[in-house]
Every structure is written in structure tokens, then in C-alpha cells.
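**Q** mind looking at a prediction? Sequence and model below.
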Amino acid sequence: MTEYIARFKKIMNDPDQRKSIMTDVKNFLIKVFGMLILIGVSYVILSPIIGMIVNSISSDKDAYNPMVYILPQYPTLERYTLAIERLEYFTTIGKNLLYVITLMLLQIFICSMVGYGFARFNFPLKKLLFGCVVVMIVIPSHTIMLPLYMTFKQFDLFGIATALTGSPGLMGTTIPMYILTVLGTGVRSGLYIYIFNQFFRGLPKEIEEAALVDGAGVWYTYFRIMLVNAMPSVITVAVFSMVWQFNDTFYAKLFLISEEVVISKKIESLATVLATIDKILNVTIQELYVDAGVILVVLPILIVYLWLQKYFIEGVERSGIVG
């Protein structure tokens, strides 16, 4: 013991070693503090999801047992079986993913072209038009819901709506969402244009100059060179677009889109369906089935995010939207 005390005194009397020890202690405390903050934030974010997962596999006995916490005593998959049946899960999720993916591809195509145009070309009223893009990001969708509703309720260009639906207007169809997306005003399109604009501005102009010298035109340069180099931002926009389109209920309700196409809208009526068809009137038990349905709805987007996580983070960092 005396030997260790003497060695400790010797180390503390050496300024260089004392400074090194203090630095190591400081770095260790910073790491511990950062880890505690990370654990706390993760708990706040993940605890509702963990709670839903636990509820979705809990039996009726577990629901009324106050001693059950995190791990149910009598786990069951009955909630998922009935939720899949009542949501017509595989049919609905297939239609929903087709709807979301087509909108996502359109947004990538349209918003990338607009962002590239703002980043590389000079044209009249460029700053004013880009200001309109910023306004699209800032102004909430609820402020323009009435004009949007009235526009598509009476929409009948050249009698196309009447030919497609049998009556004027496009309510009850997904066509309004496709029209908005093609015109660059779809869900969060302003943000996607901004992301592409920031990314293209960060790419060196020498790439385009070299392509021009080799005889490449504007369209060839854009599709075969610039868009390929912008793949991180493409992945970022793809993930954002899929998540927001998949979770959207605002536009789905505004345009009266069928819940057979938008599963996030259908999940809202699951409790009513259970009460009507299966005579499950107990609210506590209904919540267990709804939690199972929510987990089923979240699962596809979670898989996509985990698959593209690396490229998504890289795209966010390089697009200049961190924080």
C-alpha cells in the first residue's frame, strides 16, 4: 500500500503526467455525461414504441395485471393475427407502397431538376422563384387547404375528370396528389428542392465543364453525371418522401382518398371495426389490437430506413440541412 501511495505522489509531482491524467479524467467524464444524455434521449424516444410492442403481444390477463412490466407473462400473437385480417394488411400495404413509391419517384425526378436549375442556371426572377420555394417550406399546409379542396373539387380540365370518375372533380381519387407532385408542389416538395439545390451547389462545376468539352448536352450531363453524383441527396429525399407520404393523413382526408390505399388512414378506424365485427367493446383490449396494427404499419418504413440509414445520414450531412 505504501508503495502505491509513493508512486501516486511521484506521478502527481510530475507536471506532464499530472496534466495527462487530468486530461484523461476530463475526457472520461465527458464521455460518461454524453452517454447518459444519449441514453436519456433514447429512452424518451423509444419508450412509447417499446410500450406498444409489449402491449401488442400481451394477453387479456396481462392487460389487467398490474405486476406485468415490459415482459408479459402470457405472450400471444393473437393481436397481430386479427389486426392483419381486419386491416386487410397485405393487400392494403401493397396498394399503399405502390402509391407512395410512385409519388416518391416523381418527387425525386421533378425536385432534382428544379434544384439543379436553381443551382446552375441564371434566369429572370430566379431569386423571387427560389423565395417561393422557401415559402413552400415555411407556410403550413393547413393555410391552403381550402383553395386546394375547392380547386380539385371542381377540377375538370377538358372533361378528363368526368371521363375518369363519371362526375366533375377529383375527390376520392389519388389524382390530386399526382398533379401536385408533378407540378413540384407535393408533400414537402419545397424542402426537397432546397436539398437538391444545396447539394448541386456543392458539386464542382469542373465536372460539367469536362462533360461539355466531351460533347455532352445539358440533359445528358444532368442524368448521366450530376444525378449520379447526387445519389446521397437522392437517398435522403427518397427516405423523407416515403416516410411523409406513408404517414400522411392530412391530404388523404382533404382529397377523400380511400383508406384502401392509405393504410395510415385505415388504422384510425381499426378500433371501430373491432367493436362492430368482433364485438370487442372493452377499450383496454381494443388498444392492444390497435398497438399491434400500428407496429405492422410502421414496420415497412422502419425496414427501409435501416436499409438506407448509412446513405441517408451521408446525404443529410452533405446537403447542408444538419440541425
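**A** Alright, I've got the coordinates.
**Q** which other residues reach stretch 132-148?
**A** Contact partners of stretch 132-148, identified using C-beta atoms under 8 Å, 6 or more residues apart in numbering, comprise 114, 118, 176, 185, 188-191, 193-194, 197, 250-251, 254. Every residue, glycine included, has its C-beta placed from N, CA and C.
**Q** what helices and strands are in contact with the strand or helix carrying residue 292?
**A** In this assignment (DSSP states H and E), residue 292 forms part of helix 283-319. Using 3 or more C-beta pairs under 8 Å, 6 or more residues apart in numbering; DSSP states H and E, the elements in contact with helix 283-319 are helix 15-56, helix 60-63, helix 78-87, helix 89-120, helix 189-202, helix 231-247, helix 270-277.
**Q** ok, and the closest non-adjacent residue to the most centrally placed residue in the chain?
**A** Taking C-alpha atoms, centre = their mean as the criterion, residue 243 is the residue nearest the geometric centre of the chain, at 3.0 Å. Of all residues not flanking residue 243 in the chain, residue 301 sits nearest, at 5.6 Å (C-beta to C-beta, 6 or more residues apart in numbering).
**Q** any idea how many residues pack against the one you found?
**A** For residue 301, the count of nearby residues is 16 (other C-beta atoms under 10 Å).
**Q** now residue 32
**A** The local packing of residue 32 (other C-beta under 10 Å) involves 10 other residues.
**Q** out of the helices and strands packed on helix 283-319, which comes closest to residue 223?
**A** The closest of those to residue 223 is helix 89-120. By C-beta to C-beta, the value is 9.7 Å.
**Q** list the buried residues in the closest one.
**A** Using 16 or more other C-beta atoms under 10 Å as the test for burial, helix 89-120 gives 89, 92-93, 95-97, 99-100, 103-104, 106-108, 110-120.
**Q** which strands or helices does that helix pack on?
**A** Contact here means 3+ C-beta pairs under 8 Å, 6+ apart; on that basis helix 89-120 packs against helix 126-138, helix 175-182, helix 189-202, helix 231-247, helix 263-266, helix 283-319.
**Q** let me know the angle separating the first one from helix 89-120.
**A** With axes from the mean of the first three to the mean of the last three C-alpha atoms, to 10 degrees as the criterion, the two stretches helix 126-138 and helix 89-120 enclose an angle of 150 degrees.
**Q** can you tell me the average pLDDT over helix 126-138?
**A** Computed over helix 126-138, the mean pLDDT rounds to 89.
**Q** could you look up the next helix or strand downstream of it?
**A** Note on helix 126-138: by DSSP H and E, the next helix or strand toward the C-terminus is helix 145-153.
**Q** show the average pLDDT along that next one.
**A** Throughout helix 145-153, pLDDT has a mean value of 87.
**Q** 40 is where my numbering starts, stick with that
**A** With the count now opening at 40, the last piece we talked about shows up as helix 184-192.
**Q** returning to what we had before: just to check, the residue nearest to residue 282 is in contact with residue 280?
**A** No - counting by C-beta atoms under 8 Å, residue 340 stays clear of residue 280, with 11.2 Å between them.
**Q** tabulate the helices and strands packed on helix 128-159 (a markdown table), appending distance to residue 191.
**A** Output for those, formatted as a markdown table (distance: least, C-beta to C-beta, whole Å):
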| stretch | distance to residue 191 |
| --- | --- |
| helix 165-177 | 18 |
| helix 214-221 | 4 |
| helix 228-241 | 17 |
| helix 270-286 | 17 |
| helix 302-305 | 17 |
| helix 322-358 | 26 |
